[in-house]
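Novice: coords please:
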Amino acid sequence: MNHSSNAGQALIETLFVIPACMVCAMVLIDCGVVIRDRVALAQAASQAGVAAQQQGDVDAAARRAVPKSMRGGLTITRDNSSIELRAAASLPIVGSHLHVPLTASVATDSTEGGAS
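Specialist: As a prediction, the model looks like this:
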């Protein structure tokens, strides 16, 4: 009787532990996606800054550097001294309707030529 009671308790504990571990794994995956998108946005800001210094196409450089999933919602704001990129990272597991706003900016030389 004691053996079957222990087996039943182990089964119940397993039924609670497995879903909890799965939820933790899903949260970690979504956090990883947000971190990846944040790094990609920072890299895109850097590429946009390089393009601005070389009198190139800032928008095209930034859009090439971000993942395709972020290109649709990417906004690029440019003034005389900086370039700011804004996008939203979607959470693929928690839900695609949830978005984490991300921002990256880079300072540019205020003496550059060209219109913004």
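
Novice: dump the residue contacts of Leu15.
Specialist: By C-beta atoms under 8 Å, 6 or more residues apart in numbering, the contact set of Leu15 is empty. C-beta here means a position set from N, CA and C on the backbone, and glycine is covered the same way.

Novice: Which helix or which strand is home to it?
Specialist: Using DSSP states H and E, Leu15 sits in helix 2-53.

Novice: Quick check: next helix or strand after that helix?
Specialist: Going down the chain from helix 2-53, the next helix or strand is helix 58-65, by DSSP H and E.

Novice: Next, the angle from that next one to helix 2-53.
Specialist: Angle, helix 58-65 to helix 2-53, by axes from the mean of the first three to the mean of the last three C-alpha atoms, to 10 degrees: 150 degrees.

Novice: Helix 58-65: how far from the chain's middle?
Specialist: Distance of helix 58-65 from the chain centroid (C-alpha atoms, centre = their mean, to the nearest Å) equals 17 Å.

Novice: So which residues make contact with the helix or strand just after it?
Specialist: Once helix 58-65 ends, the next helix or strand along the chain (criterion: DSSP H and E) is helix 68-71. Helix 68-71 has contacts (C-beta under 8 Å, 6+ apart) with 37, 40-41, 63, 87-90.

Novice: hmm, try it at 6 Å
Specialist: With contact meaning C-beta atoms under 6 Å, 6 or more residues apart in numbering, helix 68-71 is reached by 63, 87.

Novice: cool, and stretch 27-43?
Specialist: Residues from elsewhere that reach stretch 27-43 (C-beta under 6 Å, 6+ apart): 65-67, 85, 87, 89, 91, 93-94, 100, 102, 104.

Novice: Which member of those residues is positioned nearest Ala10?
Specialist: Using C-beta to C-beta, Ile93 comes nearest to Ala10 of these, at 28.7 Å.
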